[in-house]
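In: based on what follows, work out the 3D shape:
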Amino acid sequence: MSKGGSSEVDRYRFLQTELARLEHAYYVLDQPLVPDAEYDRLYRELLDLEAKHPDWITPDSLSQRVGGAPLKVFDEVWHTVPMLSLNNAFDEAELIAFDRRCREGLGLEKVEYACELKFDGLAISLRYEAGVLVRAATRGDGTSGEDVTANVRTIRSIPLRLAGKQLPEVLEVRGEVFMHRDDFERMNKSAAAKGEKEFANPRNAAAGSLRQLDSKITAKRPLSFYAYGLGALEPSNWLPESHGQLLDHYCELGLPVCHERKVVSSVEGLWEFYQAMGAKRNQLPYEIDGVVYKVNSFKLQNVLGFVSRAPRFAIAHKYPAQEEITTVLGIDVQVGRTGAITPVARLSPVVVGGVTVTNATLHNEDEVRRKDVRVGDTVVVRRAGDVIPEVVSVVLDRRPSNTKPFEIPSRCPICDSHIERLADEAVARCSGGLFCAAQRKQALLHFAHRRAMDIDGLGDKIVDQLVDLNLVRTPADLYRLGFSALANLDRMGEKSADNLIQAIAQSKSTSLPRFIFGLGIRHVGESTAKDLAKYFGNMHALMDAQTDDLLRVNDVGPVVADSIISFMSETHNREVIEQLLASGIEFQAEERIAGVDLSGKTFVLTGTLPTMSRDQAKALLEAAGAKVAGSVSQKTSYVVAGADAGSKLDKANELGVPVIDEEALMKMLSS
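Out: Sure, this is the predicted structure:
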């Protein structure tokens, strides 16, 4: 090794060792340790040092080969035509330079290019002889790979025999094995339900699935394949004139080819394709990390030829990394509009997907524990499109020795109420629903809902102003609002202010079920609110109820009972309820239809009724003592069906539940 600064020599040796370690984990073990962007940075640093000191390059330098060595458990396959990787472009300047090199190398003013996607999966070579699949091999180190024929045969998108009659004697199809996003999510959910290990990403899942020793396991994995290239070919005159035509031929042979491809004739066309695919990247059913440009003409490709490890006629244009690596500076919790507690990692600033990220969601307590994210950890952060950045995983071999597991706090950081987690929920919640500042807007809107206190005119924009100006902190403050305070709000004239004052006053005359529902107690809907009102008869009895009392109420189980107890045990909530009652709220007795008793009957409403809304029909039925449910079951007494009735009507016919129309319903209510 020639002279160079000792720091440069040491850095070069470190890069060789570190990149070899990362490649082994990525290609051989299928367990990536860092995001692709981190690997790319280290690799480009290695290339820069070798460009500065070319005599440092040796045959075993990482820049002189592709991928990693094949696993010993698979038979080795030597590629007749090497499976080389592509050089990368990361910005518009590098793209322009690629086009210039192609034009100058060919002596042309314009070059026609084939544009396609760069899939995030595992490269594979399929060898067909006389149209029959005889062998499949991974890329390996580019010269030799692993024989995965038995596993590839289980991938249904790969034909075992090609279609057509004029088939070449030998055709090696190069392409990518990958996994669709929805297939990946379903597989991981199934694994989690069984207590099995989940995959970090679709690429890792595809690679791990394809390289199973037992092909029966591979057969159960939802793998897919797209063809995009060519290896060995006999006879050579079968080859069409261009890459675009080759992919068209592949389609005719029954090989799957991605339809997101285009032939362009200028660098402007390359840039337009890059931007168009980038705009729809997050809506694609599979993951990509860039696009690929190839000189379309095979004749011109041969003129340009190859450098040591990549073709001169092709390049991969990568998108800004959607995954990056950074450090966790702290972990806080955010309180959502419904009281949901979300752990948030505070990060050392890092650019992900072209945006500087300083915070990333950890979703919930279970996710924090499953990923074991701790303050001080080095983590992989992912950001896709407008999705909130999230911590994907921890780089465990970089964890400091003094870290401690994270614990959800026991009290709300906003209002100091207790944080509790119900048995059937993944999310912990603040129990100060009527008092917590983070929940004010949601609590007020729910309280004013037409099926709760029915305060007409109190919508999102008014509530936003009332809370932002600190005019209303709890629902009880609504009944202390003055005319001048409302009239001074944006877009609120005197007439509108007067109407809202009247609506608030009118809401004081309500029913106990509406009031209970309006409190926004978790799991207490309209039906449960009616059952609670009917059983306890007054608000104070419900406030002081114990678990055993609640469990005696119709359709109230342990989860609902725990939620009510948690809500009522919070001092702040009880104070707001007392203030509401003191403001003059009066509970009117529920109206009943004289002479009609449908107690014990359960009705389901579906479709559009001729003369009344479903809400009106529901009110009439409940006034007759009936229960109105949202779904059809064996316990349903009648289904009331109107026009355009859907699946509920089908379910009723399937179960043999009596179906009546509005006319029959009115006769029943008037009998």
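In: tell me which stretches of the stretch 51-200 of the chain form strands.
Out: All strands of the stretch 51-200 of the chain, identified by DSSP state E, counting those that start in this stretch, fall at 76-78, 88-89, 113-119, 122-129, 132-138, 144-146, 170-178.
In: just put these in a markdown table and tack on distance to Glu570, mean neighbour count and mean pLDDT.
Out: For the C-beta atoms, the positions are set from N, CA and C on the backbone; glycine is no exception. Formatted as a markdown table, the entries for these read as follows, by distance: least, CB to CB, whole Å; neighbours: other CB atoms under 10 Å; pLDDT from 0 to 100:
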| stretch | distance to Glu570 | mean neighbour count | mean pLDDT |
| --- | --- | --- | --- |
| strand 76-78 | 67 | 15 | 93 |
| strand 88-89 | 56 | 20 | 92 |
| strand 113-119 | 52 | 23 | 97 |
| strand 122-129 | 53 | 22 | 96 |
| strand 132-138 | 59 | 20 | 94 |
| strand 144-146 | 61 | 22 | 92 |
| strand 170-178 | 50 | 22 | 97 |
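In: wait, doesn't Met612 sit right on Glu662?
Out: Yes: counting by CB atoms under 8 Å, Glu662 is a contact partner of Met612 at 7.1 Å.
In: and those two? Which one has more around it.
Out: Comparing Met612 with Glu662 by neighbour count (other CB atoms under 10 Å), the higher total belongs to Glu662, at 18 against 15.
In: not counting sequence-adjacent ones, nearest residue to the more buried one?
Out: Leu609 (4.6 Å; CB to CB, 6 or more residues apart in numbering).
In: so how many other residues sit close to that neighbour?
Out: Leu609 sits with 19 neighbouring residues when counted by other CB under 10 Å.
In: for Ile660, see how far away it is.
Out: 11 Å (CB to CB, to the nearest Å).
In: equivalent analysis for Arg440, please.
Out: The span separating Arg440 from Ile660 equals 44 Å under the rule CB to CB.
In: got it, and Asp544?
Out: With the distance defined as CB to CB, Asp544 ends up 42 Å from Ile660.
In: again with Asn488
Out: To Ile660, Asn488 is 53 Å away according to CB to CB.
In: neighbour-wise, which of Arg440 and Ile660 wins?
Out: Arg440 (25 against 15).
In: which residue is the nearest non-sequential neighbour of that one?
Out: Nearest residue to Arg440 in three dimensions, chain neighbours excluded: Val467, at 5.0 Å (CB to CB, 6+ apart).
In: any idea which element that neighbour lies in?
Out: helix 460-468 (DSSP states H and E).
In: quick one: buried residues of the next helix or strand after that helix?
Out: Read in the C-terminal direction, the helix or strand following helix 460-468 is helix 483-487, with elements assigned using DSSP H and E. By neighbour count on 16 or more other CB atoms under 10 Å, the buried set for helix 483-487 is 485-487.
In: before we move on, the earlier item: can you tell me which residues contact the residue nearest to Glu662?
Out: With contact set as CB atoms under 8 Å, 6 or more residues apart in numbering, Leu609 has these partners: 617, 640, 642, 662.
In: phi and psi next, for the third one.
Out: This means Gly642. Recorded main-chain torsions at Gly642 are phi -110, psi -160, according to degrees, to the nearest 10.
In: hmm, it is touching Thr606, no?
Out: Yes: using CB under 8 Å as the test, Gly642 is close enough to Thr606 to be in contact (7.1 Å).
In: which one of the two has more residues nearby?
Out: The neighbour comparison of Gly642 against Thr606 (other CB under 10 Å) goes to Thr606, with 22 against 18.
In: relative to Ala345, how far out is the residue nearest to Glu662?
Out: Here Leu609 is placed at a distance of 51 Å from Ala345 (CB to CB).
In: again with Gly305
Out: As for Gly305, its distance to Ala345 is 48 Å (criterion: CB to CB).
In: higher neighbour count, these two?
Out: For the pair Gly305 and Ala345, the greater number of neighbours falls to Ala345 (28 against 10), based on other CB under 10 Å.
In: that's a strand at the more buried one, yeah?
Out: Yes: the assignment for Ala345 by DSSP: H, G, I helix; E, B strand; the rest coil puts it in a strand.
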